[in-house]
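In: Kindly return the folded structure for what I paste below:
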Amino acid sequence: METTRAPQSVPDSQLKTVITFKGAQVTGVTSTGTGRLFANFPRWREGVPFSVVEVSPDGSFAPYPDAEWNRWDGNPRVNRFTCVQSVVAHGDSLYVLDPSNPEFAGVIGSAKLFVFDLKTNQLKRRYEFDNGVAPQKSYLNDLRVDDAAGKIYITDSGLGAIVVVDMVTGNTRRLLAQHPSTKAEEITLRIDGKEFLRNGRAPRIHSDGIELDEKRGYLYYHALTGYHLYRVPTSALVAAFFDPKQEPALEAKVEDLGKTPAPDGMMFDAEGNLYLGDLEHDAVVYRTQAGEILTLVQDPRIRWADTFTIGPDNSLIFTASRIHQVPQKGGIEDMEFPIYSLPLAPSPR
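Out: Model prediction:
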């Protein structure tokens, strides 16, 4: 997608490296309100050394919550990570989403969501998803927590859907699974002047990025291979969760908010700006409350801006997962995968 761009809001000289992982493809990152930083590494190939780490201020890191949780023996496990796709710090908890689909070969056992107590670093809740909610070809991708409604919302980028979880009962429902808003568009991304292909074909990566507005009134979501941003009232999701007959009403309330660049993850700031990666242009952009798409920064170092989080110093922290550059076969021992930070967009005057 070609877009007309205003000058970038932040000089690329302010793009700082937080940490670089060599030979380990980082995709997810999350910061707590006190500045604890966590990252995750999906099992997209053999030899992934760890699934979740905590990054210390001195640049060192350690498996989280411990090394044992990060040792996977190839079998379905309830107390070890299989293929962690997302980590989200929320309140005093760390949510670890495991689609249990290593190398995209199909779900092993069941997809899971682990919740760790950040005060004790102990597991305090495990949600498991059966085949009806997370089918064999699903890939649960990212999540947001809605305390007001007592729900967790999860995107499925493998097949396209929004999964809703009741935080108390653990009951789940798969919604919008047949709606075009959760599906990839028939496009081929061009990155670094080349078509983004897998096995000779343009991949179809469905509902991926997800975010809640500050008032928890709307859930925003976006297919990775797509140029349209959607939102739906959380009240409609909750109504359809409790009553399947409400799903037609839910579908009728989905809003197409118009075109954006093709992104991966998304994040709101306190000003209501929605940050997204622009995968085709090595950039981070933001959508203002008025719906204008502006460039925050464009830099050749930003190779696949993947997941965003906001640090306690009000910096935007994000991963560069280099998905388009990673070989489908062979090792990545010599490749480096950074986490960057830069200032948020300036407040409107």
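In: after the regular element (helix or strand) spanning residue 153 comes which helix or strand?
Out: In this assignment (DSSP states H and E), residue 153 forms part of strand 151-156. On the C-terminal side of strand 151-156, the closest following helix or strand by DSSP H and E is strand 161-166.
In: tell me the mean pLDDT for that next one?
Out: Throughout strand 161-166, pLDDT has a mean value of 99.
In: from the chain's centre, how far out does the strand holding residue 153 sit?
Out: Distance of strand 151-156 from the chain centroid (C-alpha atoms, centre = their mean, to the nearest Å) equals 11 Å.
In: So in that sheet, which strands flank that strand, and in what orientation?
Out: Under the criterion DSSP bridges, strand 151-156 sits next to strand 140-146 (antiparallel), strand 161-166 (antiparallel) in its sheet.
In: Looking at those strands, which is nearest to residue 260?
Out: Distances from residue 260 to each of the strands paired with strand 151-156 were compared by C-beta to C-beta, and the smallest falls on strand 140-146, at 16.4 Å. Placement of C-beta: from N, CA and C, glycine included.
In: tell me the average confidence for that closest one?
Out: Strand 140-146 carries an average pLDDT of 99.
In: sorry, back to before: residues in contact with the strand holding residue 153?
Out: Counting by C-beta atoms under 8 Å, 6 or more residues apart in numbering, strand 151-156 makes contact with 95, 97, 113, 127, 134, 138-146, 161-167, 174, 177, 182, 206-210, 212, 219, 221, 234, 237-238, 241, all of which sit outside it.
In: Throw the strands paired with strand 151-156 into JSON lines and include mean neighbour count and distance to residue 324, thanks.
Out: Compiled in JSON lines, the strands paired with strand 151-156 are given as follows (neighbours: other C-beta atoms under 10 Å; distance: least, C-beta to C-beta, whole Å):
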{"stretch": "strand 140-146", "mean neighbour count": "23", "distance to residue 324": "17"}
{"stretch": "strand 161-166", "mean neighbour count": "24", "distance to residue 324": "25"}
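In: how close does the closest residue to residue 47 other than its chain neighbours sit to residue 198?
Out: In this structure, residue 47 finds its nearest non-sequential neighbour in residue 331, 7.2 Å apart by C-beta to C-beta, 6 or more residues apart in numbering. In this structure, residue 331 lies at 18 Å from residue 198, with C-beta to C-beta, to the nearest Å as the measure.
In: do residue 140 as well
Out: In this view, residue 140 and residue 198 are 19 Å apart by C-beta to C-beta.
In: Alright, I will stop here.
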